[in-house]
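> how would this look folded up:
(chains A and B)
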Amino acid sequence: MSGAFLQQLVDSLAALMLLVSFALLAQHRMLSVLNWFAAQGVLLAVTAVVVAYGTDNHELYISAVMTFLLKGLLLPWLLWRVIKELHVHREVEPLMNMPLTMLIALAVTLFSFHIIQPIEKISELLTRDSMAIATACVLLGMLMMITRRKAITQVIGFLAVENALFFAAIGSTNGMPLVVEIGIAFDVLIAALIFGLFFFQIRETFDSLEVDIMQSHLIQEDENE
Amino acid sequence: MNAFLIQFLQAVLLIVLAPLAAGFVATCKARLQNRRGGGVMQPWRNLRKLIAKEVVMAEHASWIFRFAPYVVFTATVMAASCVPAVLVNTPLSLTADVIALVALLALARFFLALAGMDIGTAFGGMGASREMTFSALAEPAMLMSVFVLSLSAHSTNLTTMINHALNAPLVLQPSLAFALAAMVMIAIAENGRIPIDNPTTHLELTMIHEAMILEYSGRHLALMEWAAMIKLLLFATLLIDLFLPWGMATDAGILALTLALALWVAKLFGLLLMLALAETGLAKMRLFEAPEYLSGAFVIAFLGLLTHYMLEVGA
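Below is the predicted model:
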């Protein structure tokens, strides 16, 4: 495969990544959010394989396999179990209506494209074009955390931010040292496990996973004291 | 002169073939649902029957109601003749660009909505208001997805855009995929096909197109329905032109024209078959979800524009 074709392939994968981030933001149902999150993980693994092939970096193959197993299978499965057991697999309740969220998301994407443009000009990497998209995906994940009511969707937003950061890492450094990547992967895994435990705790204490209700509950307690 | 003749023949071809295409989709759907269906010729038979029938007009109908079918039909035919189906360099497509095409369709839609409101029935007004709401969202999305292609061709002229696509080297362009996805979504919505509107229903509270033409009868109804069929074929041809133009004739030789015609018909079959499959597999959306669907199409088209700037211009 020629360099130009690989470049196009990486660009296409980056574009797909952006599309998946938008799709994640646009979903109504909890389970479809989870499916798109899993799709994002698989896409990351594919990108890692392509970049590994393009740059001849063998360590990236290992991290691609790890990404696939962890972000494509294990984390979605863990979250799916939590959702099943807490019976929250209904509607996602966004704070704003969808078209407005989408417009904000477009503006965020435009903003990150604008700020990355000067950086892109000085880079010589295979993946230089995907930097802007990775930044946009980070911001989109943050937008998802901001605009959702339920704790569980906020956590998915957080994990999407992590995915985007990994994508940015592949894009800007052609893969971090393997030790760092294994460390991050385990961090994320442990974070997801702790989040899972937290969900049950939150549910037991507040009878709901909605962030607003937790706040009002605390305020009530303060007043009682 | 020769080019004008081909242009004329091409327009006639589109107009004559439109009911057949609608019949093909209906037959495919019937077969997929284990019915026999009325056959490919059924829309033609319907049109012939309607043209022969007497026109019944409401007492309060004004001249707008009487004029609208002719305006809608003419505007749609004009739009259809702007779109090159077989030969790339037709005289009309050189003069009219995509913006003119969208404007012609908007003119047809405007009169359709006026006619819907003219009689003053509840259904007509409801249909017109829905059509206007959705078109306000669909038109910018359609223009946006066309602009993605215009950006690389540096023109909004269909002929120039097709020539650019024919001569461009085969590269992976994510922006084109975005534009295609948005365009397909818009084409489905604009033609009132299943996720948005059901073309086969007559008595449903969520109908859009049928609600506006409910009061028409006889040849007026025939013209309205024919215009809708031409619009379907127009969008299919536009999709072929913009995204799969390979094999279109660039000169007016007999061999090239025959080959282009055969390829066009084959691509058309493929698209219409996919439409029938999609319509069988999907359920109609709730009416209030339609704006979300259309704004989704707009977002995808806009993403196409952004990725074009980010990934393709710099590279």
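> and B:Leu105, what does it touch?
Contact partners of B:Leu105, counting by CB atoms under 8 Å, 6 or more residues apart in numbering or on different chains, are B:Ala75, B:Thr76, B:Ala79, B:Glu190, B:Lys231. All C-beta atoms are positioned from the backbone trio N, CA, C, and that covers glycine.
> In the chain, where is pLDDT below threshold?
Defaulting to chain A. Residue ranges of chain A with pLDDT under 70: A:1-2, A:89, A:123-128, A:175, A:225.
> could you do chain B instead?
B:1, B:203-204, B:313-315.
> re the thing from before, just put the contacts of B:Leu105 in JSON lines and tack on secondary structure.
Putting the contacts of B:Leu105 into JSON lines (DSSP: H, G, I helix; E, B strand; the rest coil) gives the following:
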{"residue": "B:Ala75", "secondary structure": "helix"}
{"residue": "B:Thr76", "secondary structure": "helix"}
{"residue": "B:Ala79", "secondary structure": "helix"}
{"residue": "B:Glu190", "secondary structure": "helix"}
{"residue": "B:Lys231", "secondary structure": "helix"}
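> Can I get these in JSON lines including neighbour count and distance to B:Lys49?
Shown next, in JSON lines, are the contacts of B:Leu105 (neighbours: other CB atoms under 10 Å in any protein chain shown; distance: CB to CB, whole Å):
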{"residue": "B:Ala75", "neighbour count": "21", "distance to B:Lys49": "25"}
{"residue": "B:Thr76", "neighbour count": "28", "distance to B:Lys49": "21"}
{"residue": "B:Ala79", "neighbour count": "25", "distance to B:Lys49": "26"}
{"residue": "B:Glu190", "neighbour count": "23", "distance to B:Lys49": "27"}
{"residue": "B:Lys231", "neighbour count": "23", "distance to B:Lys49": "21"}
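> Quick check: the two most widely separated of those?
By the measure CB to CB, B:Ala75 and B:Glu190 form the most distant pair in the contacts of B:Leu105, at 13.9 Å.
> Name the helix or strand for B:Ala297, please.
If you go by DSSP states H and E, B:Ala297 is part of helix B:290-307.
> which residues of chain B fall in strands?
Ranges of strands in chain B, per DSSP state E: none exist.
> all helices in it, in order from the N-terminus.
Along chain B, counting by DSSP state H, helices occupy B:2-32, B:42-52, B:63-82, B:91-95, B:98-118, B:122-153, B:158-167, B:174-190, B:209-212, B:218-243, B:254-281, B:290-307.
> would you turn the ones you listed into a markdown table with distance to A:Ile146?
As requested, these are arranged in a markdown table below (distance: least, CB to CB, whole Å):
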| stretch | distance to A:Ile146 |
| --- | --- |
| helix B:2-32 | 44 |
| helix B:42-52 | 51 |
| helix B:63-82 | 44 |
| helix B:91-95 | 47 |
| helix B:98-118 | 36 |
| helix B:122-153 | 25 |
| helix B:158-167 | 40 |
| helix B:174-190 | 25 |
| helix B:209-212 | 40 |
| helix B:218-243 | 37 |
| helix B:254-281 | 35 |
| helix B:290-307 | 18 |
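> Of the ones you listed, which is nearest A:Gln7?
So among the helices of chain B, helix B:174-190 is nearest, using CB to CB, at 11.9 Å.
> Report whether the closest one contacts chain A.
Yes - residues of helix B:174-190 are located near chain A by CB under 8 Å from any CB of the partner chain, namely B:Pro174, B:Ser175, B:Ala177, B:Phe178.
> ok, A:Glu120 - how many residues close by?
Neighbours of A:Glu120 under the rule other CB atoms under 10 Å in any protein chain shown: 17.
> that's a helix at it, yeah?
Yes - counting by three-state DSSP, A:Glu120 is found in a helix.
> Hmm, B:Thr121 and B:His60 touching each other?
No - using CB atoms under 8 Å, B:His60 is not in contact with B:Thr121, being 9.6 Å away.
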